[in-house]
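Peer 1: Have a look at this prediction, sequence included:
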Amino acid sequence: MKVTENSTYRLMNTNLNRITNNLQDLRNQGATGLKLNEPSDDPSSIRPVLTTRTQIRHTERYLETMGVTLDKMQATDGHLEHVENIMQRAKEIALNAVNGAMSESDLQTLADEVVQLREELLDSANAMIDGKYIFSGFAENTKPFVENPAYDPALYDPADSTTWRYLYQGDANPTELEITPGELLEVNLTGNNLFLGVSDANWVDAATPAAGQPEPGRVDLFSVLTRLEEAIRANNIDDPLGEGGGIQNNIENLEIAADQERRLRSRLGNRATRVESAIAHQETVLVDLEQILSRYQDADAIATFNEIVKQETAFQAALNVTSRVSKISILDYF
């Protein structure tokens with residue numbers, strides 16, 4: 001009789017513990033929204049869950065990096081628009097100087113405005129985003145353009161960068177962004193390429209002459225504005241050998257400068273579009289990965305609630321049975 005009673009109690013206790021554990025697991029699922037809270041919940045799902053979580057973190061890093069880069073590219077475009085406006089205004093001034101019957105005072109006023117435009121150009125060339133210079137290449141902590149203390153109009157040589165009005169202190173290494181595994185994209189413009197017309201491949205440093213530069217069909221924007229100022233002050237209309245190289249000649253250079261800036265701005269805009277496309281793709285990838293992870297670890301709220309109700313009913317029934325059995329005494333068998 002004792003063996004039978006002990007066996008019965010052990011069986012009832014085991015059943016109660018099983019139901020209690022199941023109920024606790026279900027309540028955890030309801031509280032966390034996850035059906036996979038411990039490795040023991042579903043050992044076969046652990047590896048795919050860990051792999052998917054790693055892929056999600058990797059994709060999120062991609063998105064964060066590309067988002068920050070796109071913000072910088074869009075901010076850079078704003079500075080490029082200002083540069084384009086500067087060159088356009090300089091051309092208007094040059095046309096006024098060459099076409100109108102200007103007094104000496106009027107010419108000096110126009111020349112002074114060109115000086116202001118050159119200073120605005122310098123501000124744009126030294127623009128910063130998040131405390132970093134945007135036209136310094138890799139040397140983003142270095143101010144890209146400084147005034148040349150040795151500048152002398154009489155010694156100016158368009159083929160020798162050391163004689164120019166402003167010196168470039170950045171480097172010629174554009175920043176690259178990996179937008180997909182193995183695919184690198186240049187996402188900025190170097191100051192030597194945009195403002196000086198010197199290709200990245202031919203730039204060495206500020207102290208080394210960039211021989212044969214600017215390249216054919218390109219110009220140094222600072223020098224164009226400087227030479228225009230000098231030509232206007234001297235009222236040199238069309239003498240390329242005179243002071244400032246002649247206003248007419250500088251009008252042609254301003255057109256080249258504007259085209260140089262527009263081409264590079266367009267190139268950067270196309271790359272920004274490519275980054276936007278890559279962001280959209282990675283966002284889709286992230287959604288897919290989150291759905292995969294959800295299938296492995298997320299609990300169905302309705303199903304979980306229904307199962308909790310079932311287990312609570314089973315638990316109450318088991319308690320009732322245990323209560324009745326516990327009231328049995330030896331007298332019930334006589």
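Peer 2: Everything's here; your move.
Peer 1: Going by C-alpha atoms from here, please, whenever you check contacts or count neighbours.
Peer 2: OK.
Peer 1: can you list the weak-confidence ranges in the stretch 151-300 of the chain?
Peer 2: By pLDDT under 70, the weakly predicted segments of the stretch 151-300 of the chain are 201, 203-213, 297-300.
Peer 1: How far off centre is stretch 46-66?
Peer 2: In terms of Cα atoms, centre = their mean, to the nearest Å, the centre of stretch 46-66 is set 18 Å apart from its chain centre.
Peer 1: Counting neighbours, which bits of it end up buried?
Peer 2: Of the residues in stretch 46-66, those buried by neighbour count under the rule 16 or more other Cα atoms under 10 Å are I46, V49, T52, R53, Q55, I56, T59, Y62, L63, M66.
Peer 1: State the mean pLDDT of it.
Peer 2: Confidence over stretch 46-66 (mean pLDDT, whole number) is 89.
Peer 1: now stretch 74-87
Peer 2: Taken as a whole, stretch 74-87 carries a mean pLDDT of 95.
Peer 1: Would you map the helices across this protein?
Peer 2: Secondary structure of the chain (DSSP state H): helices at 2-32, 43-99, 104-125, 191-194, 221-233, 247-297, 301-326.
Peer 1: nearest to I134, of those?
Peer 2: helix 43-99 (7.3 Å; Cα to Cα).
Peer 1: contacting residues for the residue nearest to the spatial centre of the chain?
Peer 2: For the chain, the residue whose C-alpha lies nearest the mean C-alpha position (Cα atoms, centre = their mean) is T69; its distance is 1.6 Å. Contacts were defined as Cα atoms under 8 Å, 6 or more residues apart in numbering; by that measure T69 touches V187.
Peer 1: returning to what we had before: right, and the helices of the chain - which one's nearest D152?
Peer 2: Within the helices of the chain, the stretch nearest D152 is helix 221-233; the backing value is 11.3 Å (Cα to Cα).
Peer 1: Buried residues in that closest one, which are they?
Peer 2: 221-233.
Peer 1: Need the contact partners of it.
Peer 2: Contacts of helix 221-233 (Cα under 8 Å, 6+ apart): 90, 94, 97, 107-108, 110-112, 114-115, 117-118, 121, 164-166, 195-197, 237, 242-247, 250, 253-254, 257.
Peer 1: just to revisit the earlier point, using a markdown table, lay out the helices of the chain together with distance to I179.
Peer 2: What follows is these, written out as a markdown table (distance: least, Cα to Cα, whole Å):
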| stretch | distance to I179 |
| --- | --- |
| helix 2-32 | 35 |
| helix 43-99 | 7 |
| helix 104-125 | 27 |
| helix 191-194 | 23 |
| helix 221-233 | 32 |
| helix 247-297 | 6 |
| helix 301-326 | 38 |
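Peer 1: Mark out where each domain of this protein begins and ends.
Peer 2: Residue ranges for each domain of the chain read 79-288, 298-328, as given by automatic domain parsing.
Peer 1: can you tell which of those domains is closest to M73?
Peer 2: The stretch from the domains of the chain with the least distance to M73 (Cα to Cα) is domain 79-288; that distance is 6.5 Å.
Peer 1: Tell me the span between the first and last residue of the closest one.
Peer 2: Taking Cα to Cα, to the nearest Å, the span from the opening residue of domain 79-288 to its closing residue is 37 Å.
Peer 1: State the pLDDT value of R118.
Peer 2: R118 is assigned a predicted lDDT (pLDDT) of 96.
Peer 1: and it, what does it touch?
Peer 2: F222, L225, T226.
Peer 1: With respect to Q74, which of these is nearest?
Peer 2: Closest to Q74, out of all of the contacts of R118 and judged by Cα to Cα, is F222, at 23.8 Å.
Peer 1: Next, count neighbours for E147.
Peer 2: 12 (other Cα atoms under 10 Å).
Peer 1: Pretty sure it sits against T163.
Peer 2: No - counting by Cα atoms under 8 Å, E147 sits too far from T163 to count as a contact (10.9 Å).
Peer 1: about what we covered before: pick the most buried one from the domains of the chain.
Peer 2: Looking across the domains of the chain with neighbours counted as mean count of other Cα atoms under 10 Å, the highest average goes to domain 79-288: a mean of 19.
Peer 1: quick one: it to chain centroid distance?
Peer 2: For domain 79-288, the distance to the chain centre is 24 Å (Cα atoms, centre = their mean).
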